[in-house]
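Trainee: okay, structure incoming, though there's no sequence with it:
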């Protein structure tokens, strides 16, 4: 099955967003998607989620004969598997250029960087060594497979523990079970990290998008894949495509990639150490139970996170324009009078309520003091109830006056638009205000 081509509307929309400095998932150009690391029940089983991309890595080992050129070093093999479960166009049994390119990047970044001490995998020189095999399975292709596959493979190798062995006098090698001898951890010198950028050339301007999605990869002009470790060593550099970058632009991306590599390496070491510490105190390991999420669940949680962080921004209702400025000018006098009267009523009501509240507070204090000495406080309670009733009556009277004032004001501003008289019918006089 061939891959469904990207429509013209989708391509134009993605290019317009990039030209405007935006991305369709609300990220900045140099911002990566959220990633999670999960470990299975067995040592060396790791699942990585990078946005909608999901990759599973499993490390296995076996005893083999060493190579004649390196008789005291073990072996490391990497294999990438893709199936229609990852993407509909990836048919079973067919080879893809994308798989070959991904395998080549992983071998350069992991195997050729010598991050694993292969000499520690030697059992007997020129006779038997350990061979570690890393099987990387793409569960869902959501873009940027290089970063996700590299992260899964490195975390699985860092998490893997191989069984111990015993060597007989005649050279026979016996593999011991975990009950007979504790497993041996894999020593990793450095943690290699892969950082990918999608390069989109629009209007003679090259835009670099870190951690591209599947849709962004289909509109990109070129790609920059950097393999490096947090110690400042560049292990691989892949720069395919029809894009030309200046030296200053490449150095800027490399400096940003070093910062990203340092944070990812610390994340891998922390997650692996936490899982190994949890296994030491647990009898039963849960594995992937309740950890893996579907695409719909991931999108739902992303939308909820956007709403919580108010990433969509605050929507402001625009104010309506004033249509009749003359009528507003005529209303200024009445409005100012109403505001002054409301202010005076509010001030008087506030003073009265403050005095009554002070009386209630003093009565309550007197009542509490009488209770403390054991005297009767029924008279004080009656006085407090009367004052509270008085306050309620004052509030009702104030509300009634305000309602009547609003009714008079509405009658006053009701004028005929065709009549050019300057005087307003029902205008309040000074006696009415008093």
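Mentor: Everything's here; your move. Computed from a prediction, not measured in an experiment: that's the story for all the values here.
Trainee: now do the helix or strand hosting residue 259, average pLDDT.
Mentor: Taking DSSP states H and E as the criterion, residue 259 maps to helix 247-280. Here helix 247-280 scores 92 as its mean pLDDT.
Trainee: please report the distance of the closest residue to residue 36 other than its chain neighbours from residue 15.
Mentor: Of all residues not flanking residue 36 in the chain, residue 49 sits nearest, at 4.5 Å (Cβ to Cβ, 6 or more residues apart in numbering). In this view, the C-beta of every residue, glycine as well, is placed from N, C-alpha and C. According to Cβ to Cβ, to the nearest Å, residue 49 stands 28 Å off from residue 15.
Trainee: which one's more surrounded, these two?
Mentor: Applying other Cβ atoms under 10 Å to residue 49 and residue 15 shows that residue 49 carries more neighbours, namely 24 against 15.
Trainee: that one contacts residue 35, doesn't it?
Mentor: Yes: Residue 49 is within contact range of residue 35, at 6.4 Å (criterion: Cβ atoms under 8 Å).
Trainee: strands along this structure, start to end?
Mentor: 35-39, 45-50, 53-64, 75-81, 122-124, 128-140, 161-162, 165-167, 173-175, 184-185, 193-202, 205-210, 222-228, 234-238 (DSSP state E).
Trainee: what packs against the fifth one?
Mentor: Looking back up the chat, that one is strand 122-124. Contacts defined by 3 or more Cβ pairs under 8 Å, 6 or more residues apart in numbering; DSSP states H and E place strand 122-124 against strand 128-140, strand 165-167.
Trainee: who does that strand pair up with?
Mentor: strand 128-140 (antiparallel) (DSSP bridges).
Trainee: now the angle from the strand it pairs with to strand 53-64?
Mentor: Between strand 128-140 and strand 53-64, the angle comes out at 160 degrees (axes from the mean of the first three to the mean of the last three Cα atoms, to 10 degrees).
Trainee: list the buried residues for strand 128-140?
Mentor: 128, 129, 130, 131, 132, 134, 135, 136, 137, 138, 139, 140 (16 or more other Cβ atoms under 10 Å).
Trainee: show me the contacts for the fifth one.
Mentor: Residues near residue 132 by Cβ atoms under 8 Å, 6 or more residues apart in numbering: 59-61, 74-77, 116, 121, 157, 160, 162, 186.
Trainee: repeat the analysis, applying 7 Å as the threshold.
Mentor: 59, 61, 74, 76 (Cβ atoms under 7 Å, 6 or more residues apart in numbering).
Trainee: relative to residue 265, how far out is the residue nearest to residue 36?
Mentor: Distance from residue 49 to residue 265, by Cβ to Cβ: 18 Å.
Trainee: and this structure, what are its domains?
Mentor: 8-164+174-309, 333-414+425-433 (automatic domain parsing).
Trainee: rounded mean pLDDT for the shortest one, please.
Mentor: For domain 333-414+425-433, mean pLDDT rounds to 57.
Trainee: stretch 70-80 now?
Mentor: 93.
Trainee: residues of that stretch that come out buried?
Mentor: Within stretch 70-80, the residues that qualify as buried are 73, 74, 75, 76, 78, 80, counting by 16+ other Cβ under 10 Å.
Trainee: quick check, nearest of those residues to residue 109?
Mentor: Taking Cβ to Cβ as the measure, residue 78 is the one of those closest to residue 109, at 9.9 Å.
Trainee: ok, that closest one - contacts?
Mentor: Going by Cβ under 7 Å, 6+ apart, residue 78 touches 103, 106, 107, 110, 111, 134, 153.
Trainee: and the buried ones among the residues you listed, selectable in ChimeraX?
Mentor: Here is the ChimeraX command that picks out the buried ones among the contacts of residue 78, judged by 16+ other Cβ under 10 Å:
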select :106,110,111,134,153
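Trainee: among the domains of the chain, which is the most enclosed?
Mentor: Across the domains of the chain, the average number of neighbours (mean count of other Cβ atoms under 10 Å) peaks for domain 8-164+174-309, which reaches a mean of 17.
Trainee: phi, psi for the residue nearest to residue 180 when sequence neighbours are not counted please.
Mentor: Leaving aside its sequence neighbours, residue 180 sits nearest to residue 164 (Cβ to Cβ, 6+ apart; 7.8 Å). Note on residue 164: backbone dihedrals following degrees, to the nearest 10 are phi -80, psi 160.
Trainee: so which of the strands of the chain gets nearest residue 402?
Mentor: With Cβ to Cβ, the closest approach to residue 402 among the strands of the chain belongs to strand 35-39: 59.3 Å.
Trainee: residue contacts, residue 254?
Mentor: Contact analysis of residue 254 by Cβ under 7 Å, 6+ apart lists residue 226.
Trainee: redo that, cut-off 10 Å
Mentor: Neighbouring residues of residue 254 by Cβ atoms under 10 Å, 6 or more residues apart in numbering: 195, 224, 226, 228, 234, 237.
Trainee: and what of residue 269?
Mentor: Contacts of residue 269 (Cβ under 10 Å, 6+ apart): 155, 158, 188, 191.
Trainee: could you check the pLDDT of the residue nearest to residue 40 when sequence neighbours are not counted?
Mentor: Counting by Cβ to Cβ, 6+ apart, residue 40 lies nearest to residue 287, which is 4.6 Å off, once chain neighbours are set aside. If you check residue 287, the pLDDT there is 75.
Trainee: is it true that residue 287 touches residue 278?
Mentor: No: using Cβ atoms under 10 Å, residue 287 is not in contact with residue 278; the gap is 11.8 Å.
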